[in-house]
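In: Next one to model:
(2 chains)
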Amino acid sequence: MWLDEDLTLEGLGTGVAPARTRRQRGVRVGAAPAWVRARLATTPGRLVLVSILIIVGAVCFGAIATGAEQSRERAAKAARSQTEPLLVHAKDLYTSLSDANATVATGLLSGGVETAANRNRYLADLRIATNALSALASESGTSAAAPVALNTIADQLPLYSGLVETARANNRQGFPIGAAYLRRAVQLSKTSMLPAADRIYSTEAQRLQEDYHTGSATATLVTFAVASAVALILLVLAQWYVTRISRRILNVGMLVATVALASVAVWGVVGLIGEQNALSRAQQHGSDPVEVLSATTVLLSRAQGDLSLALVNRGTDETDQLDFTAVERVLPPLTGEMSALARRTGTTAAANRFDSDYASYQAQTKRIQELQNKGELQPALQLEQPTANISDRLSSDLDGQIQAAQGRFKSAAADATSALGGLAFAIPVITVLAAVAALLGLRQRINEYR
Amino acid sequence: MKSRLRHFAGLVLVAATAAGCGATSDQASRIALAALATPPQHLKPKPPTPATTCTASLRPPATMPTPGKMPARSFMAQIHRRGYLRAGVNAGALDFGYYNPSTGKIEGFEIDLVNEIAKAIFGTAKGHVQPVALTVGQREPFVRQGKVDIVVDTVTMTCARSKEVDFSTVYYDAKQRVLVPANSPAKSIGDLAGKRVCATAGSTPVYVMQHLPHPPDVVGAPQAIDCLVYLQQGKIDGISTDSSILLGFNQQDPNTKLVGPPFADVPYGMEISKTHRDFVRFVNGVLAELERNGTWQQLQAEWLGQFHQLQAPPKPKYDG
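Out: Numbering: from 1, shown residues only, chains lettered A, B, ... in the order given. Just a heads-up that it's a prediction; the model follows:
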């Protein structure tokens, strides 16, 4: 701390905790009470003491201010170049695994011969999933849940694709066991791979939230501001004290120190506020929409997969319809949040397009379900392809919006880190310079007594 | 002292304001994660139904009405007025009732029987049949609620079901048998005592197996066809269900074989609402005629001839 018993006695009154003061004094008095007392009785002795306190104070301020700045900067940098990119990989993993289910189910519905586009989409899903998996694996180890979940997916992805190919081969021959293999593949995905993807994704999402909390923590800003204010006040008090005991009005060195300290304080506060505003923009205009849109993508492909599977099963299994209904129930809060975020980010045109497409998707799925509930398989099957087309449009719509939000995140996160640019260097350097200037000023006074 | 306090308060105020406008909130993230956490839905399997069968049905009318001229106020006349017969069928049982992806139609032995009934009402089946693909759980409720006129869906004529709906006479006599991998040493169900044998969870075959003198370790699957997947994956030692279904499995996987004698009767009957007894008699009349004029045998040869053992038409049993 900047404080000392002498300043306390003469200028500050209640500024210091009494216990600490007493202990400090005890040590010093115990070591050389007479010597200290003798030195303190003289003006140069007091000036030397002030010098020592300025060094101690500068070290303390430098440490606290740099610590505060570093905690913010680390979090902002982590959000920008580590946790958010990992969240995007986790999102890619999650959405591609979910999309693979829907794509394969739609492909099997088209009869013996699957379209090339559908086949390519499935292969692209697998490619995206494996790429995301290796990107996540190379960065894992930072959380406890992720490695296990990553292993689960890595172990089961080959099993999954094996089941899918067996389903295809059997379906090409017109064998009902093709649908059964598809069910096993989707069940493996739904009960094991997708929950693992969900664990990875939510771990990454939570880590990003933690970075946001740390990167915009009010406590950090307050700590920095209070440390700066206390340092400035004490420097002013020291000048007042020096002026009083040395009977000189102005001390250039201490004045320079005060100005330097004030400037770094203002710079720091402005930088921290700028950083936290940019980080909050990165969240609210960038990663929030990314997360909500990604969740919608995952759930929509799950719904589409359920719909296709129910049809693949030719009405022999009700599980998929149950799952479809469950998914449909959780979608409204999500699309509500999507609209709210679209208003916030000024992307209502895209959101409105999504809303109207989603409304027609719902109407279409409702018709399919009605037909299925009546057991009218053939008309329901005829509606499946048009519905899958709307679902495709929805997911590419969402993908476009995710890309846009991702762009907004990147620029805001870059603003956040650049708002703090140079501070990590400036705080210690300017603090040292200020301390040196103050000491030089004090030495000038001390020398006057020699 | 006072100015210091004011200074400090001012700074805190600035900080708080700044914090307020740049605040982060995890609300959106929480909403997204909560929606994603929706667990996959499952159906609970039902307990298996007892295997006792009731195969007697109502006697056909003395003379069958001419197609296109159904007796007034009969249920057949109602169907005729409507213009089509609504039949609950299976869409996943190869050769019996199966949605063929290459033709885009449900076809099979049972579908042709439905067509024959439509022909007896309308004179021709073309355009007069609406197939309704049903799940096992939908069959009886759909008949009772009048959503379908008839169910022809590999339904075993259990006494429990005959309390809910009326059955036609037996139109196919399936038997419960056991299917094993081609290299299995088992020669009958008896050799599989304590071994893992699969059947549809909650189905009659499960009940039959559990009540054998030396029962196997019964594995339940969501659907019978899932048993074939388990068998191909080496997870089970055999599958036991209706021979008609097992023969369909054998057709899809030639590396399997049916072994041992049948050990339970699985008579198939058509389900009709208890309020339409005239229709039950009519359908029984159609079935008797099909068996008499050789159509039944011809359809059997057409659909089941290649892989199934041909059988004589089942003998109808009448009780009223």
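In: What pLDDT is listed against the residue nearest to the spatial centre of chain B?
Out: Geometric centre of chain B, nearest residue: residue B:136, 4.3 Å, by CA atoms, centre = their mean. Predicted confidence (pLDDT) for residue B:136: 77.
In: That one and chain A, how far apart?
Out: 8 Å (CB to the nearest CB, to the nearest Å). The C-beta positions use only the backbone N, C-alpha and C, and glycine is treated the same way.
In: do the same with residue B:245
Out: Distance from residue B:245 to chain A, by CB to the nearest CB: 10 Å.
In: Skipping adjacent residues, who's closest to that residue in space?
Out: Closest residue to residue B:245 apart from its sequence neighbours, by CB to CB, 6 or more residues apart in numbering or on different chains: residue B:224 at 5.4 Å.
In: okay, now residue A:279: neighbour count?
Out: Residue neighbour count, defined by other CB atoms under 10 Å in any protein chain shown, stands at 29 for residue A:279.
In: got it, and residue A:437?
Out: Quick note: residue A:437 (other CB under 10 Å) scores 22 neighbours.
In: and it, that's in a helix?
Out: Yes: assigned with DSSP: H, G, I helix; E, B strand; the rest coil, residue A:437 falls within a helix.
In: Any chance you could list what contacts stretch B:38-54?
Out: A:190-191, A:194, A:299, A:318-319, A:322-323, A:325-327, A:330, B:156-162, B:167, B:201-204, B:206-208, B:210-211, B:220, B:222, B:264-267 (CB atoms under 8 Å, 6 or more residues apart in numbering or on different chains).
In: Next, see if stretch A:358-366 gets close to chain B.
Out: No: counting by CB under 8 Å from any CB of the partner chain, chain B has no neighbours in stretch A:358-366; the shortest distance is 14.5 Å.
In: can you pull the buried residues of that stretch?
Out: Buried residues in stretch A:358-366, counted by 16 or more other CB atoms under 10 Å in any protein chain shown: A:358, A:361, A:364, A:365.
In: Just the ones of those in helices?
Out: Counting by DSSP state H, the part of the buried residues of stretch A:358-366 found in helices is A:358, A:361, A:364, A:365.
In: Out of the residues you listed, which comes closest to chain B?
Out: The nearest member of these to chain B, counting by CB to the nearest CB, is residue A:358 at 14.5 Å.
In: Hmm, the closest one is touching residue A:335, no?
Out: Yes: the pair residue A:358 / residue A:335 is scored as a contact, 6.6 Å apart, by CB atoms under 8 Å.
In: In chain B, where is pLDDT below threshold?
Out: B:1-22, B:45, B:307 (pLDDT under 70).
In: C-terminal to the top strand by length along it, what's the next element?
Out: Longest strand in chain B by number of residues (criterion: DSSP state E): strand B:256-268. Scanning forward in sequence from strand B:256-268 by DSSP states H and E, the next helix or strand is strand B:271-272.
In: helices and strands around that next one, which ones?
Out: helix B:139-144, strand B:150-152, strand B:166-167, helix B:277-292 (3 or more CB pairs under 8 Å, 6 or more residues apart in numbering or on different chains; DSSP states H and E).
In: returning to that earlier point: pull out the buried residues from the contacts of stretch B:38-54.
Out: For these, buried by 16+ other CB under 10 Å: A:190, A:194, A:299, A:318-319, A:322-323, A:326-327, A:330, B:156-158, B:161-162, B:167, B:201-204, B:206-208, B:222, B:264-267.
In: which ones among these are found in strands?
Out: Filtering the buried ones among the contacts of stretch B:38-54 for strands - DSSP E - leaves B:167, B:264, B:265, B:266, B:267.
In: Show the contacting residues for the fourth one.
Out: What it means is residue B:266. Applying CB under 8 Å, 6+ apart, the residues contacting residue B:266 are B:53, B:156, B:173, B:174, B:175, B:176, B:204, B:205, B:242, B:243, B:244.
In: same deal with residue B:203?
Out: B:48, B:49, B:224, B:241.
In: State the distance from the second one to chain A.
Out: Look at residue B:49 and chain A: by CB to the nearest CB, they are 18 Å apart.
In: In three-state terms, label that residue for me.
Out: coil.
In: Tell me, how many residues neighbour it?
Out: Other residues close to residue B:49 by other CB under 10 Å number 16.
In: Against residue A:273, how distant is it?
Out: 72 Å (CB to CB, to the nearest Å).
In: Residue A:393 reaches residue A:360, doesn't it?
Out: No: the criterion here is CB under 8 Å, and residue A:393 misses it with residue A:360 at 9.5 Å.
In: Show me which helix runs longest in chain A.
Out: helix A:377-419.
In: What angle do helix A:377-419 and the strand or helix carrying residue A:106 make with each other?
Out: Counting by DSSP H and E, the element that carries residue A:106 is helix A:84-109. Counting by axes from the mean of the first three to the mean of the last three CA atoms, to 10 degrees, helix A:84-109 lies at 170 degrees to helix A:377-419.
In: and helix A:84-109, how far from the chain's centre?
Out: On the basis of CA atoms, centre = their mean, to the nearest Å, helix A:84-109 sits 22 Å off its chain's mean C-alpha point.
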